[in-house]
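Student: My questions concern the predicted model and sequence given below.
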Amino acid sequence: MQALETLATHYNYFITIVLMISGLFIVIARGNLIKKLVGLSLFQTSVYLLYLTPAKILGGTAPIYNPAYKVYSNPLPHVLMLTAIVVGVATIALGLALVVRIKEAYGTIEEDEIFSKDPDSE
Amino acid sequence: MSAMTFLNAVEPHLPILLIIVPLFGALMATFMRSGTVAWFISLVVSVLVALIAWKLLNTILSTGTPIIYKIGNWEAPIGIVYKVDQLSGFVLLVIAAIAAVMMPFARRSIAAEIKQRAQPWYYAMYLLCLAGLMGIVITGDAFNAFVFLEISSLATYVLIALGRHRRALLAAYQYLIMGTIGATLYVIGIGLLYVLTGTLNFDDIASRLGPALADPERRNAVMAALGFAFVGVSLKLALFPMHVWLPNAYTYAPSVATAFLAGTATKAAIYLLIRLLFTVFGVSISIETLPVPQVLIVLSIAAMFLASFSAVFENNAKRMLAYSSIAQVGYIMLGVGLACLPVLAATTDASPATTPNNGMTAGLVHIANHAIMKAALFLALGAVYYRIGSVLYKDIAGIGRTMPLTMLAFGIAGLGLMGTPGTAGFISKWYLALGAIDTGWYSIVFLIVASSLISLIYIGRITEVVWFREPSAAAAQAKEAPLSMLVPLWILALLTIYLGLDTRATVDVAAEAAKVLVGGIR
Amino acid sequence: MRLDLILRVGAKLVLPFILLFALYVQFHGDYGPGGGFQAGVIAAGMVILYAIIFGIRAAKQIAPPSIVEFMVPLGVLIYCGTGIVSLLLGYNYLDFTGFHPDFLRAHEWGILIVELGVLVTVSSTMIAMFYAFAQRGRR
């Protein structure tokens, strides 16, 4: 019962954790280079949630000054995550660009096939 | 007269110029169509950055108070501040100086290794990386450090992918995955700290963590934050089990990029870890909650041995040095780990504020020494690659006969790497041993000597290959490297010797930084 | 490609409003929600939608790759240049106090220019990324 209650009241944290773990799992377990990037993106997205969850204040409005409102959400984490999203976009774009180049160079984007084409010893 | 007033007007803005100058240089380089023009911009920018870093460090050492620069003139907790203290000034100068010294080398090497069209982009990415590394070290804001970390990392991925071999792409991809995971873990740690303290300024977090730690419910969050941030930054600095991206990245990147990254990129991440452990968390907190120093020491020693063993059996000179880099990062982190320990014993005699901590001094000195030696070694290999297009042992056999000056500089830096007395490497290991004795971990002294013997084997092996074997077909045809390559190489090689004889430049500054860092802990 | 009349007419109707909305978001960015990043992405979205429906060749006529590639560093240059101007006016980097005698007006102006730089860089980066991926292997 206690566990259920925690789950109900802290569901946002559980979503964050599930996203985080599944993202990391995909990165580690998948051999497809694009799927790895999908996992990476998921992992980064979980961090956005981690920051935004405590920033939203129940009953708080958008942080634009207005005498009619007393409670505002915290704008700083939102801005931070905007920056993190930009960084994430850049990372994924660069990663995909590398995958395109790898596909052109090796003809495949499966990790094991790439390794078999280029033995480590050179 | 007008020059003086100009300098006086510029002086308060030096911290920000350290970032804007390379950033502007990068933008200029992207507009260029010719690699040589872009190279010239990079040369001017790198020298300028080194001069600024030099001036900042001198100011810090003479005044003793940190230089604070408020971006947009907003005060610390609200705005982002740049803060230069003894530690960051020291690391800034190391990075900037290494970057500046190797710029003359870059032109011919890059012209030979990278396609004409991509050359301006190489220099743009290099300058962007430099700006990012400077930013990591100079910023006083945890999230800003993340942004700079990613700026430098993204530029680094491109630098690596520009390598000739198709495996460079794969190496860059693998580094991208690992690096992004590392940076993301760091952001998670910072996010937890922000939730706990409501601030992102390093000093502010430090002052507000105390109450959070006293509360048993929030204590776990502090531990989680430390764990996330520690692992995240460790991935970036290639601490032992998190180093797998490094050998391939260093092996397949263009020669100059490898030398630059080996000398600087991991150093900025090491700085960030030191800043987190000592300024933000404070050693006392780390020790009470998590056995950070013990973990650091064990992993460092593992790196010193296992990475060195890998280096011994390597047949690609660049990859051999890459493994050696992992081992050398182990030495630096061993010093940092030892620096955490005396505080345990120091509760009895309150001396850490007056005497510099030997372990931390060793770690910081080795940041400079390793940057110099490893840059020299990789530049020497870059010169060889420029002449014969390979750094495999079978191809560089006997190259010492045709490129004696290059390989002599390589040998000197190699001696430094082993820690031969009279070279810079010896100084680092000496202080490391002193630090181990201070903490009572005498067995570590033995381990330092033992791992030095392994480095004797791998340096000895390549020395045997390049000097005593019959020249390979390629090596017999090779000519001595051009002057523009020899000069930077020999500057670094001579620095290796000079800093082993006259330690004022490195040890005194590092000791000063160590004093401020370890002494400033509650 | 040739038969999707509804898409083509619909897109032509929607496109100007997308750009208008981008500009709305852009010019509210200095004192309300919005700003250069969002506006840049929306504006780039317009070009990308155009490219998807009318083909990449047509898109390259309204947004030539050479100009797009030039705009990427240009936006950063505008951003940094604003900071440099404030340095030249004798204030700290990105301290806009010198732009106008009134403190709030000065900062509004400063942020407006900075956001303009962000708009230029973000929109051109998004378009450049789209071009790079879309035309790969087709040349």
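Tutor: Nice, thanks for sending it over.
Student: ok, the residue in chain A that chain B sits nearest to - contacts?
Tutor: Residue nearest to chain B within chain A: residue A:105 (3.9 Å; C-beta to the nearest C-beta). (Each C-beta comes from the backbone N, C-alpha and C, glycine too.) Counting by C-beta atoms under 8 Å, 6 or more residues apart in numbering or on different chains, residue A:105 touches B:166, B:169.
Student: Buried residues in the helix or strand hosting residue B:458, which are they?
Tutor: Residue B:458 belongs to helix B:442-468 when assigned by DSSP states H and E. Of all the residues in helix B:442-468, those buried under the rule 16 or more other C-beta atoms under 10 Å in any protein chain shown are B:444-445, B:447-448, B:451-452, B:454-456, B:458-459, B:461-463, B:465-467.
Student: so which strand or helix has the residue of chain A closest to chain B?
Tutor: If you go by DSSP H and E, residue A:105 is part of helix A:75-106.
Student: Please apply the same query to residue B:83.
Tutor: Per DSSP H and E: strand B:81-84 holds residue B:83.
Student: Counting by contacts, list what that strand packs against.
Tutor: Counting contacts by 3 or more C-beta pairs under 8 Å, 6 or more residues apart in numbering or on different chains; DSSP states H and E, strand B:81-84 is packed against helix B:14-31, strand B:67-70, helix B:119-138.
Student: Please list which of the buried residues of helix B:442-468 also come close to chain C.
Tutor: Applying C-beta under 8 Å from any C-beta of the partner chain to the buried residues of helix B:442-468, one finds that nothing falls near chain C.
Student: quick check, the helix ranked longest in chain C touching chain A?
Tutor: Using DSSP state H, we find that the single longest helix of chain C is helix C:103-134. Yes - under the criterion of C-beta under 8 Å from any C-beta, chain A is reached by helix C:103-134 at C:122, C:129, C:132, C:133.
Student: Please identify the residues of chain C in proximity to chain B?
Tutor: Close to chain B, as judged by C-beta under 8 Å from any C-beta, chain C has residues C:70, C:72-73, C:76-77, C:80, C:83-84, C:87, C:90-97.
Student: Now, of those, which are buried?
Tutor: Buried subset of the residues of chain C next to chain B (neighbour count, 16+ other C-beta under 10 Å): C:72-73, C:76-77, C:80, C:83-84, C:87, C:91-97.
Student: where do the helices sit along chain A?
Tutor: In chain A, the helices defined using DSSP H lie at A:2-9, A:11-29, A:33-55, A:75-106, A:111-117.
Student: Turn those into JSON lines, including mean pLDDT.
Tutor: Listed next are these as JSON lines, based on pLDDT from 0 to 100:
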{"stretch": "helix A:2-9", "mean pLDDT": "85"}
{"stretch": "helix A:11-29", "mean pLDDT": "92"}
{"stretch": "helix A:33-55", "mean pLDDT": "93"}
{"stretch": "helix A:75-106", "mean pLDDT": "92"}
{"stretch": "helix A:111-117", "mean pLDDT": "86"}
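Student: possible to save these as a markdown table with distance to residue B:390?
Tutor: Shown next, in a markdown table, are the helices of chain A (distance: least, C-beta to C-beta, whole Å):
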| stretch | distance to residue B:390 |
| --- | --- |
| helix A:2-9 | 60 |
| helix A:11-29 | 34 |
| helix A:33-55 | 28 |
| helix A:75-106 | 20 |
| helix A:111-117 | 20 |
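Student: Among these, which comes closest to residue B:98?
Tutor: Closest approach to residue B:98 among those (C-beta to C-beta): helix A:75-106, 25.1 Å.
Student: quick one: that closest one to helix A:33-55, angle?
Tutor: Here helix A:75-106 runs at an angle of 180 degrees relative to helix A:33-55 (axes from the mean of the first three to the mean of the last three C-alpha atoms, to 10 degrees).
Student: How far off centre is helix A:75-106?
Tutor: 10 Å (C-alpha atoms, centre = their mean, to the nearest Å).
Student: Can you pull the residues of chain A lying near chain B?
Tutor: Residues of chain A found near chain B, taking C-beta under 8 Å from any C-beta as the criterion, are A:20, A:24, A:27, A:33, A:36-37, A:40, A:43-44, A:47, A:50-51, A:54, A:77, A:80, A:83-84, A:87, A:90-91, A:94-95, A:98-99, A:101-102, A:105-106, A:114, A:118, A:121-122.
Student: If any of those are buried, give me the PyMOL selection for them.
Tutor: Buried residues among these (16+ other C-beta under 10 Å), as a PyMOL selection:
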select buried, chain A and resi 20+24+27+33+36+37+40+43+44+47+50+51+77+80+84+87+91+94+95+98+99+101+102+105+106+114
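Student: what is the mean pLDDT for stretch B:421-437?
Tutor: In this model, stretch B:421-437 has a mean pLDDT of 90.
Student: buried ones in that stretch?
Tutor: The neighbour-count check on stretch B:421-437 (16+ other C-beta under 10 Å) flags B:423-436 as buried.
Student: Can you name the next helix or strand after the helix or strand where residue C:9 lies?
Tutor: Assigned by DSSP H and E, residue C:9 belongs to helix C:5-27. Later in the chain than helix C:5-27, the nearest helix or strand by DSSP H and E is helix C:36-54.
Student: what sits against residue B:21?
Tutor: Counted by C-beta under 8 Å, 6+ apart, residue B:21 has contacts B:45, B:48, B:49, B:52.
Student: Mind doing that once more with 10 Å?
Tutor: Each residue near residue B:21 by C-beta atoms under 10 Å, 6 or more residues apart in numbering or on different chains is listed here: B:14, B:44, B:45, B:46, B:48, B:49, B:52, B:127, B:130, B:131, B:134.
Student: for residue C:39, same thing?
Tutor: The neighbours of residue C:39, taking C-beta under 10 Å, 6+ apart as the test, are C:19, C:21-29, C:115-116, C:118-119, C:122-123.
Student: now the strand or helix carrying residue C:76 against helix B:119-138, angle please.
Tutor: Using DSSP H and E, residue C:76 falls within helix C:65-88. Angle of helix C:65-88 versus helix B:119-138, following the same axes, to 10 degrees, is 40 degrees.
Student: Could you list every helix and strand in contact with helix C:65-88?
Tutor: In terms of contacts (3 or more C-beta pairs under 10 Å, 6 or more residues apart in numbering or on different chains; DSSP states H and E), helix C:65-88 is packed against helix B:2-10, helix B:14-31, helix C:36-54, helix C:56-62, helix C:103-134.
Student: Can you tell me which of these is most buried?
Tutor: helix B:14-31 (a mean of 23; mean count of other C-beta atoms under 10 Å in any protein chain shown).
Student: now the angle between helix B:119-138 and that helix, please.
Tutor: If you take the same axes, to 10 degrees, helix B:14-31 sits at 160 degrees to helix B:119-138.
Student: Can you name the element that comes right after the helix or strand harbouring residue B:301?
Tutor: Following DSSP H and E, one finds residue B:301 within helix B:292-302. Sequence-wise, the next helix or strand downstream of helix B:292-302 (DSSP H and E) is helix B:308-312.
Student: Pull the distance from that following helix to the chain's centre.
Tutor: Mean C-alpha position of helix B:308-312 versus that of the full chain (C-alpha atoms, centre = their mean) differs by 21 Å.
Student: Ignoring the adjacent residues along the chain, who's closest to residue 15?
Tutor: As the question left the chain open, I've gone with chain A. residue A:49 (6.6 Å; C-beta to C-beta, 6 or more residues apart in numbering or on different chains).
Student: Oops, wrong one, chain C.
Tutor: Spatial nearest neighbour of residue C:15, excluding adjacent residues (C-beta to C-beta, 6+ apart): residue C:46 at 5.6 Å.
Student: Please verify my assumption that that neighbour contacts residue C:19.
Tutor: Yes - counting by C-beta atoms under 10 Å, residue C:46 does reach residue C:19; the two are 5.3 Å apart.
Student: of all of the stretch 201-350 of chain B, which residue lies closest to chain C?
Tutor: Closest point on the stretch 201-350 of chain B to chain C, by C-beta to the nearest C-beta, is residue B:201, at 16.7 Å.
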